[in-house]
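A.B. asks: pasting the structure only:
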């Protein structure tokens with residue numbers, strides 16, 4: 001249970017539990033726009049779009065974590081994000097992402113079906129969102 005005046009934040013990727021801590025507020029990139037989660041928030045389930053989760057504590061943004069999408073469940077005491085990919089913003093390697101984008105754009109041209117093209121397009125959108133937030 002989170003301490004008084006805090007919300008318990010958990011960020012989970014397919015590989016591991018990345019964050020589990022009590023914080024002042026969490027701002028999540030929801031499918032219909034960003035939303036802030038404070039203690040005693042009303043119940044909510046939302047799809048998460050590619051973007052940055054901001055973790056606020058001590059009156060400032062403590063952490064910025066890029067997520068590639070997923071789902072968020074909010075209760076009065078807890079905010080749990082199940083993310084497909086989660087990377088601290090400061091760990092995003094621009095050169096690596098730019099190289100991946102170049103390869104993916106070539107893969108689009110080589111795609112043999114609409115399904116394959118759509119899958120590559122989705123990966124391109126995630127990499128473009130990562131570049132947009134990288135320093």
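C.D. replies: Thanks, I have it. Computed from a prediction, not measured in an experiment: that's the story for all the values here. Numbers count the residues shown, from 1 in each chain.
A.B. asks: just give me the neighbour total for the closest residue in space to residue 101 that isn't next to it in sequence.
C.D. replies: Of all residues not flanking residue 101 in the chain, residue 127 sits nearest, at 4.9 Å (C-beta to C-beta, 6 or more residues apart in numbering). (Glycine included, C-beta is placed from N, CA and C.) As a burial measure, residue 127 scores 21 neighbours (other C-beta atoms under 10 Å).
A.B. asks: residue 127 and residue 103 touch, don't they?
C.D. replies: No - using C-beta atoms under 8 Å, residue 127 is not in contact with residue 103, being 9.8 Å away.
A.B. asks: wait, what's in contact with residue 55?
C.D. replies: 9, 19, 23, 26, 61, 62, 63, 64, 65 (C-beta atoms under 8 Å, 6 or more residues apart in numbering).
A.B. asks: who's the residue most central in space within the chain bridged to?
C.D. replies: Centroid check for the chain by C-alpha atoms, centre = their mean gives residue 67 as the closest residue, at 2.0 Å. As for beta bridges, residue 67 partners with residue 51, residue 86 under DSSP bridges.
A.B. asks: check residue 35 too.
C.D. replies: Where residue 35 sits in a bridge, its partners, by DSSP bridges, are residue 28.
A.B. asks: where's it relative to residue 49, distance?
C.D. replies: Distance, residue 35 to residue 49, using C-beta to C-beta, to the nearest Å: 11 Å.
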